[in-house]
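> just to be clear, the model below is a prediction. Sequence and coordinates:
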Amino acid sequence: MTNLSTTYLGLKLKNPLVASASPLSKKIDKAIKLEEAGVSAIVMYSLFEEQIIHESLELDHFLSRNTDSFAEALSYLPDGGMYAIRPEKYLNQVAGLKKALGIPVIGSLNGVSKGGWTTYAKRIEEAGADALELNLYFLSTDPNLTAAELETAQVELVAEVKSSIKIPLAVKLSPFVTSLPNFAKRIVDAGANGLVLFNRFYQPDFDLDELDIIHSLDLSSSAELRLPLRWVSILYGKVNADYALTSGVHSANDVLKAMMAGAKVAMMASNLLHNGEKVIPSMLESLQTWMKEREYKSIEQMQGSMSQKNVREPAAFERANYMKVLNSWRDLP
């Protein structure tokens, strides 16, 4: 029997397919269906720094403290009414999922600054989470805020969160970093046990009739796999962490590619949101079939086999690949 098991953040998982943060974890019955279909773990939807701040009597202190370092601070916090989910409800959901499920539940915090709100990392742990995913998302619009300042603030945030918990910590990164390997190393040195590549951003659009901003959610496709695939392949063996690949995981082939790049798990949300849990059994079956046909005995056997350090042409992940792809175009007759 082909062994699909893997280990991520010290958690022993029956297979590498994990349900990433999405609205699916807001309802326990949906989470149960995901487990029954075969996912090995669930990452909860995020609890945002803003949600916690708006519940706190320290809001004025937060604003005055952060305006010195982040010019965007005043506009960065939206109206409290935008958030229906409150911190206490989130903690109750963690506890509810842990009680209902037999697979690991990974909590999720989304924030950018140090402060009292990070105590919720400990509260998520106390609610029963098996691990915590810290989602770093900050869109800098201030020309005076340097990359070094922003990255240092995020590294310090990771260290603060890690110091408050005993469960493993994964950090979800953005690909838009000047030197991603160095930033990844700093995040791991600050205490992260795993790295999740990558955070998926949602850009607004314009409504030309109403002259307003449109907020729309576009689900991913397998084509988006290439960016995290490339970077997991490059970082594997260079920065010592457990890697989770997310964005663009839609098929068994996508999961296989993630493993060969060096990931411990492949995280999926868009396919589940679009098609439901029914896609999971067929993906796992296809995974088994492919591995049997090629005589792979385990997932562990293939992990990192196509990473930059293990392929014959490591330059394919770097600038040489850019030139090769451009020169591969042929005019149509």
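Thanks, I have it.

> hey, let's count contacts and neighbours off CA atoms from now on
Noted.

> what's the following helix or strand after the helix or strand bottoming out on mean pLDDT in the chain?
Here the helix or strand of the chain ranked lowest by mean pLDDT, DSSP states H and E is helix 73-76, holding a mean of 40. Next in sequence after helix 73-76, counting helices and strands by DSSP states H and E, comes helix 87-100.

> just checking, what packs against that next one?
Under the contact definition 3 or more Cα pairs under 8 Å, 6 or more residues apart in numbering; DSSP states H and E, helix 87-100 sits against helix 28-37, strand 105-111, helix 119-126.

> and Phe138, which of the ones you listed is closest to it?
strand 105-111 (7.8 Å; Cα to Cα).

> average pLDDT across that closest one?
On average, the pLDDT along strand 105-111 is 95.

> ok, now stretch 185-194?
Mean pLDDT, stretch 185-194: 98.

> how about stretch 16-25?
95.

> now do the same end-to-end measure for that stretch.
18 Å (Cα to Cα, to the nearest Å).

> buried residues, that stretch. List them.
Pro16, Leu17, Val18, Ala19, Ser20, Ala21, Ser22, Leu24, Ser25 (16 or more other Cα atoms under 10 Å).

> can you check stretch 268-275 too?
Neighbour counts over stretch 268-275 (16+ other Cα under 10 Å) mark Met268, Ala269, Ser270, Asn271, Leu272 as buried.

> out of those, who's nearest Leu34?
The closest of those to Leu34 turns out to be Leu272 (Cα to Cα; 8.9 Å).

> what stretches of the protein score poorly on pLDDT?
Low-confidence segments of the chain (pLDDT under 70): 54-85, 202, 217, 319-326, 329-333.

> the strands in the chain, which residues?
6-8, 11-13, 17-19, 41-43, 47-48, 105-111, 131-136, 169-173, 194-197, 205-207, 212-214, 242-246, 265-268 (DSSP state E).

> kindly indicate which of the buried residues of stretch 16-25 lies nearest Thr118.
Once Cα to Cα is applied, the member of these that ends up nearest Thr118 is Ala21, at 18.9 Å.

> give me every residue that touches that closest one.
For Ala21, the contact set (Cα atoms under 8 Å, 6 or more residues apart in numbering) comprises Ile42, Val43, Met44, Tyr45, Ser46, Ser108, Ala269.

> how about residues contacting the biggest helix by length in the chain?
Counting by DSSP state H, the longest helix found in the chain is helix 147-163. Applying Cα under 8 Å, 6+ apart, the contact partners of helix 147-163 are 112-114, 118-119, 121, 134, 136, 169, 171, 183, 186-187, 190-192.

> from these, which is closest to Met1?
Leu169 (32.0 Å).

> that closest one touches Val188, doesn't it?
No: assessed by Cα atoms under 8 Å, Leu169 is found out of contact with Val188, at 9.7 Å.

> can you list residues touching both of these two?
When contacts are counted by Cα under 8 Å, 6+ apart, Leu169 and Val188 have Gly194 as shared neighbours.

> okay, the two: which has more neighbours?
Leu169 (26 against 22; other Cα atoms under 10 Å).

> residue contacts, the more buried one?
In this structure, Leu169 makes contact with Leu9, Ala131, Leu132, Glu133, Leu134, Lys162, Gly191, Ala192, Asn193, Gly194, judged by Cα under 8 Å, 6+ apart.

> ditto for Lys278
Residues in contact with Lys278, defined by Cα under 8 Å, 6+ apart, are Ala37.

> distance of the residue nearest to Glu300 when sequence neighbours are not counted from Val232?
Of all residues not flanking Glu300 in the chain, Thr6 sits nearest, at 6.7 Å (Cα to Cα, 6 or more residues apart in numbering). According to Cα to Cα, Thr6 and Val232 sit 17 Å apart.

> on that earlier part again, and the longest helix of the chain with helix 119-126, angle?
Relative orientation of helix 147-163 versus helix 119-126 (axes from the mean of the first three to the mean of the last three Cα atoms, to 10 degrees): 40 degrees.

> if we can go back for a sec, tell me which of the helices and strands packed on helix 87-100 is the most buried.
strand 105-111 (a mean of 24; mean count of other Cα atoms under 10 Å).

> for it, name the packing helices and strands.
Applying 3+ Cα pairs under 8 Å, 6+ apart, we find strand 105-111 packed against strand 41-43, strand 47-48, helix 49-54, helix 87-100, strand 131-136.

> need the residues that contact that strand.
By Cα under 8 Å, 6+ apart, the list of residues contacting strand 105-111 reads 21, 41-50, 94, 97-98, 121, 124, 129-138.

> selecting buried members of these in ChimeraX, what would you type?
Of those, the buried ones go into a single ChimeraX selection, burial set by 16+ other Cα under 10 Å:
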select :21,41,42,43,44,45,46,47,48,49,50,94,97,98,121,124,129,130,131,132,133,134,135,136,137
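
> ok, Gln51 touching Lys89?
No: using Cα under 8 Å, Gln51 is not in contact with Lys89, being 11.2 Å away.
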